[in-house]
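1. Here's a sequence, model it:
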Amino acid sequence: MSKAKNYEHGYKKYTSKAKEYFRDRRKSENLLNEAVDKANNKKGRLAEVWEKLQLLLEVFRAWIKGEYKEIPKGSIIMIIATILYFVSPIDLVPDFLVGLGFFDDAAVIGFAIRQVSSDLDKFKAWKNAEQESEE
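-> Coordinates of the predicted model:
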């Protein structure tokens, strides 16, 4: 089975849980806070995907607050599933195994970015337009 298929299979496990978070903004906010804390504590180990992870968290935050509504349901569910995977103590490869778990986190984050890249580009354009209108 290819790596992409492995990650696709892994997402199915988190997708139903992600749908629960999609329906409950308060629960989503708690998840966001947990993810931000974990990311900040593991920043050095996440260097290669730090900016990508921050972008996912930024989209999620804007969606939770109702500031950004243009993201398709399937894309936000994939982002939520990725964040759930990231904060989960049960990885495909545990974090304590010589950093391999963080490699696994990086691979999953990279997979998610590729899947929702056009929606992330639209978010970045929206964010830039918002910043320009504030100036």
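2. For Tyr68, what are phi and psi?
-> phi -120, psi 110 (degrees, to the nearest 10).
3. Sorry, slip of the keys, the one I care about is Ile71.
-> Note on Ile71: its backbone torsions stand at phi -90, psi 130 [degrees, to the nearest 10].
4. Next up, the contacts around it.
-> With contacts defined as C-beta atoms under 8 Å, 6 or more residues apart in numbering, Ile71 is in contact with 59, 63, 79, 119, 122-123. From N, CA and C alone the C-beta is placed, and that goes for glycine too.
5. By neighbour count, which of those residues wins?
-> Neighbour counts for the contacts of Ile71 (other C-beta atoms under 10 Å) peak at Ile79, which has 25 neighbours.
6. For that one, list the residues it contacts.
-> Applying C-beta under 8 Å, 6+ apart to Ile79 gives the contacts 56, 59-60, 71, 112, 116.
7. Between which two of these is the distance greatest?
-> Across the contacts of Ile79, the longest distance by C-beta to C-beta is 13.0 Å; it joins Ile71 and Ala112.
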